[in-house]
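Peer 1: quick one, fold the following:
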Amino acid sequence: MKRIKSTFIVLSLIIFIFIFSSCHQTPPEDLEMPHENCVMVYTISENEYIRILYNINSPFHLWGEWVKGDKTEAVYLEHYLKPSTFAGGDGGLICNMKVFDPAETSHLLSNTYNHTYSFEKGAMNSSYLINSQTEEKIPITLSMDKNLDFYFSWVSQIYIHFFNTDNTIYKEETQNFWYDFALQQGEWTVNGTAIPIRMEFAGVTPTNVTLRVYDISGEQEKEILLAYGALANDSTFVSQDLSGTMFYEGTVTEIKIVKQTK
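Peer 2: You can find the predicted model right below:
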């Protein structure tokens, strides 16, 4: 009798654990993140929607816009909560979407935002947004758009023109280096020796652009220049905040990358 009772208790515990774990697992149909580059479109109504870019190779990765008829706000999906940013659900962290006034470009840089909204079940599986201040729930329907060939309406025309790489090269005459983004080729010439390089820009506004240059001559590429600066116009990047191994510290105080037609 004791053996039967013990067996019954063990079986009961196994069943309880199975049921408990099943109830607390994220459903298998829930998506953790997009399977390919896309624009995540959250439709609220016929005239209101949110678009957020998912493309890790773009400086606008997880940036987007909230279109409300004739009004547009810039939005940013906080990405440091991954992987729960996308899946959410039981045991997952709630992810936040920050809303900015696109007219105040400095706000995008200083992280000063107007509002914060939360997805109740991650960015991929939520049926509504929650206003973090008022707790208002806004119904949303998610769809995926594979058209990536566009800029959000709040992006500066100066920025768009500078980063249009068609039939152009980017040159620094004084330090003697250049890069062709279309061909993904470039060189930095030092004392008559040409070093193959890769150039990389980052930033979403003309007033805050970061340049990185990598030496790709070896088996592993290594960063040789880091420059923080801004676009002086639609064809020139200027930086006076420099660090790297290509010159002695303090000997070079400014660089200018000029976009030129081939």
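
Peer 1: so Met124 touches Leu142, yeah?
Peer 2: Yes: in this structure, Met124 is within contact of Leu142 by Cβ atoms under 8 Å, at 7.0 Å. Heads up, the C-betas are built off the backbone N, CA and C, glycines and all.

Peer 1: show me whatever sits in contact with both of those two.
Peer 2: Met40 (Cβ atoms under 8 Å, 6 or more residues apart in numbering).

Peer 1: between these two, which is the more surrounded one?
Peer 2: Per other Cβ atoms under 10 Å, whichever of Met124 and Leu142 has more neighbours is Met124, with 21 against 16.

Peer 1: mind checking how far the more buried one is from Asn147?
Peer 2: Distance of Met124 to Asn147, given as Cβ to Cβ, to the nearest Å: 19 Å.

Peer 1: ok, Val75 next?
Peer 2: 18 Å.

Peer 1: those two: which has the busier surroundings?
Peer 2: A side-by-side neighbour count of Val75 and Asn147, using other Cβ under 10 Å, places Val75 first with 24 against 7.

Peer 1: and that one, what pLDDT?
Peer 2: The score at Val75 is 89. That number is its pLDDT.

Peer 1: list the residues that contact it.
Peer 2: Ile50, Ile52, Trp63, Gly64, Glu65, Trp66, Met97, Lys98, Val99, Phe100.

Peer 1: likewise Asn96?
Peer 2: Leu77, Glu78, Leu81, Thr116, Tyr117, Ser118, Ser132.

Peer 1: report the buried members of the residues you listed.
Peer 2: Buried members of the contacts of Asn96, counted by 16 or more other Cβ atoms under 10 Å: Leu77, Glu78, Leu81, Tyr117, Ser118.

Peer 1: so the second one makes contact with Val99?
Peer 2: Just to be clear, that refers to Glu78. No: the pair Glu78 / Val99 is not scored as a contact, 11.9 Å apart, by Cβ under 8 Å.

Peer 1: save the contacts of Val75 as TSV, and put in distance to Phe162 and secondary structure too.
Peer 2: Shown next, in TSV, are the contacts of Val75 (distance: Cβ to Cβ, whole Å; DSSP: H, G, I helix; E, B strand; the rest coil):
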residue	distance to Phe162	secondary structure
Ile50	27	strand
Ile52	23	strand
Trp63	17	strand
Gly64	21	strand
Glu65	20	strand
Trp66	25	strand
Met97	28	strand
Lys98	25	strand
Val99	26	strand
Phe100	21	strand
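
Peer 1: any of those residues buried? List them.
Peer 2: For the contacts of Val75, buried by 16+ other Cβ under 10 Å: Ile50, Ile52, Trp63, Gly64, Glu65, Trp66, Met97, Lys98, Val99, Phe100.

Peer 1: now Asp149: how far from Asn164?
Peer 2: Taken as Cβ to Cβ, the span from Asp149 to Asn164 is 12 Å.
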